[in-house]
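S.K.: generate a structure from the sequence data that follows.
(3 chains)
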Amino acid sequence: MTAFAPELLAWYRQNKRSLPWRDHPDPYAVWISEIMLQQTRVDTVIPYFERWMAKFPTVEVLARADEQAVLNLWEGLGYYSRARNLHRAAKLLVEEHDAQLPEDTKNLMKLPGIGRYTAAAISSMAFGHDAAALDGNIRRVYARIFNVEEALGTTQAEKIFWSLAEDYLPKGDAGDYNQALMDLGATICMPRNPLCESCPISQDCEAYQLDIQDMRPVPKVKKAVPHHVHTAAVIVEDGRVLLAQRPSKGLLGGMWEFPNGRVDGDPAEGLADVIDKGFKLNVEIMNLLVEVRHAYTHFKVTEYVFRCKLIRSSQKVNLRWVSLDELDDYPMGKIDRQIARKLSSPPENEES
DNA sequence: TACCCGTGGAC
DNA sequence: TGTCCAAGGGT
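M.R.: Have a look, this model is predicted:
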């Protein structure tokens, strides 16, 4: 049935990447790595994984940790709901499951942050169960092997991919098989310029036989990325700076930032709009900067503009004066951390 | 279902 | 500099 599974598994056992969470029997480590790896590259994850396991080595330690400490360790990885969900799930496990991860996909998926892919990955890799996993790599590999013409993301394509994953899963080798497909996708069957000459299963690959690898998978149509300008206030007084905590859900949930508001028109003209979100500002005295937010993803500071002073704030926003040498204790997104670092370190001569 | 959610590397 | 996109999940 599985024409290519033996070749794939043989290739994997010879060529598998050496990764910190591999060849460890600890389901907790597998869980942490899988969450970190969601939409995130291996090279980016490795240092975070090492720091995490040193600081939160077990489910119990994680459950007892402070959420701000968890977010602090996650800072820079992105998709911060993953960290909040890990923390919540750890508490749930301690309270209701004797701090043990479930072995089956159904119960794994009851935990926050674990969906169909992650449940299958944990069940197969950590517990050796026959669970079919499907991620971006595996979709691409199957799309090429079987010349799937449906566009990624469509309901029909999802049906096809999950059926392929289920049908071709070799019983007893699910963990290695899933990882083999992912390693193949990451090192051989890459999105662009795949190394088909080095592929152990190119003879089974329809797209390769047709020489249309570049056309598979068929990409999904993407929406244009929204673009907003925010004006943020950097208010320093007596060696302290004013920070605001973001709401616990949504973009950068629970993290800290410099008070800011969206500016619709000219950033300079629109400074008063910082008053949005409950901030009252006197535009005469304070340090302001303009920040460009590309969608919810890429952030960039464009210029420092004004000086003004905080007059009052609403009760709805959690504000705190923080001394400059304590800024590292407050989890922030990329852009606010850049600003914070400039505050706590003396300015260099014309940095590039 | 479509949209929201970060960041950095490759090209 | 712009574009793509990477071991997805939640809503």
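
S.K.: ok, now how distant is residue A:135 from residue A:216?
M.R.: Between residue A:135 and residue A:216 the distance is 16 Å, computed by CB to CB, to the nearest Å. Yep, even glycine has a C-beta here, placed from its N, CA and C like the rest.

S.K.: more neighbours: these two, which one.
M.R.: Between residue A:135 and residue A:216, counted using other CB atoms under 10 Å, the more crowded position is residue A:216 (25 against 20).

S.K.: what about the stretch 151-300 of chain A, any weak spots by pLDDT?
M.R.: A:225-229, A:262-300 (pLDDT under 70).

S.K.: how about whichever residue of it sits closest to DNA strand C, what does it touch?
M.R.: Residue nearest to DNA strand C within the stretch 151-300 of chain A: residue A:191 (3.3 Å; CB to the nearest atom of the strand). Each residue near residue A:191 by CB atoms under 8 Å, 6 or more residues apart in numbering is listed here: residue A:140.

S.K.: now do it against residue A:140, distance only.
M.R.: Taken as CB to CB, the span from residue A:191 to residue A:140 is 7 Å.

S.K.: likewise residue A:323?
M.R.: Taking CB to CB, one finds residue A:323 at 49 Å from residue A:140.

S.K.: the more surrounded of these two?
M.R.: The residue with more neighbours, out of residue A:323 and residue A:140, is residue A:140; 24 against 11, by other CB under 10 Å.

S.K.: can you tell me the closest non-neighbouring residue to residue A:60?
M.R.: residue A:99 (5.4 Å; CB to CB, 6 or more residues apart in numbering).

S.K.: the one you found: what's it in contact with?
M.R.: For residue A:99, counting by CB under 8 Å, 6+ apart, the contacting residues are A:58, A:59, A:60, A:63, A:93.

S.K.: was I right about the fourth one contacting residue A:98?
M.R.: This points to residue A:63. No. Residue A:63 is not in contact with residue A:98 according to CB atoms under 8 Å; the separation is 11.9 Å.

S.K.: show me which residues of the stretch 51-200 of chain A sit near DNA strand C.
M.R.: A:79, A:81, A:85, A:109, A:112-119, A:121, A:135-137, A:140, A:179, A:182-183, A:185-186, A:191 (CB under 7 Å from any atom of the strand).

S.K.: can you say which of those are buried?
M.R.: A:81, A:85, A:113-114, A:117-119, A:121, A:135, A:137, A:140, A:179, A:182-183, A:185 (16 or more other CB atoms under 10 Å).

S.K.: any regions of the stretch 1-150 of chain A where pLDDT drops low?
M.R.: A:1-2.

S.K.: can you tell me the helix or strand for residue A:162?
M.R.: helix A:155-167 (DSSP states H and E).

S.K.: how about that helix: buried residues?
M.R.: Going by 16+ other CB under 10 Å, helix A:155-167 has these buried residues: A:157, A:160, A:161, A:164, A:165.

S.K.: output that helix as PDB, nothing but the C-alphas.
M.R.: Output of helix A:155-167 as PDB, limited to C-alpha atoms (Å, rounded to 0.1, in the frame of the first residue of the first chain):
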ATOM      1  CA  THR A 155     -12.100  22.600   2.200                       C
ATOM      2  CA  GLN A 156     -11.700  20.200  -0.700                       C
ATOM      3  CA  ALA A 157      -7.900  20.300  -0.500                       C
ATOM      4  CA  GLU A 158      -8.000  19.700   3.300                       C
ATOM      5  CA  LYS A 159     -10.100  16.700   2.800                       C
ATOM      6  CA  ILE A 160      -7.700  15.300   0.300                       C
ATOM      7  CA  PHE A 161      -4.600  16.000   2.300                       C
ATOM      8  CA  TRP A 162      -6.000  14.400   5.500                       C
ATOM      9  CA  SER A 163      -7.200  11.400   3.600                       C
ATOM     10  CA  LEU A 164      -3.700  10.900   2.100                       C
ATOM     11  CA  ALA A 165      -2.200  11.300   5.600                       C
ATOM     12  CA  GLU A 166      -4.500   8.700   7.000                       C
ATOM     13  CA  ASP A 167      -4.300   6.300   4.100                       C
END
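
S.K.: the stretch 151-300 of chain A: helices as residue ranges?
M.R.: Counting by DSSP state H, counting those that start in this stretch, the stretch 151-300 of chain A has helices at residues A:155-167, A:174-187, A:206-210.

S.K.: can you tell if the second one touches DNA strand B?
M.R.: Pointing back at helix A:174-187 there. No. Against DNA strand B, helix A:174-187 shows no contacts by CB under 7 Å from any atom of the strand, the least distance being 11.7 Å.

S.K.: and if you look at stretch A:233-245?
M.R.: No. On the criterion CB under 7 Å from any atom of the strand, stretch A:233-245 is out of touch with DNA strand B, staying 13.7 Å away.
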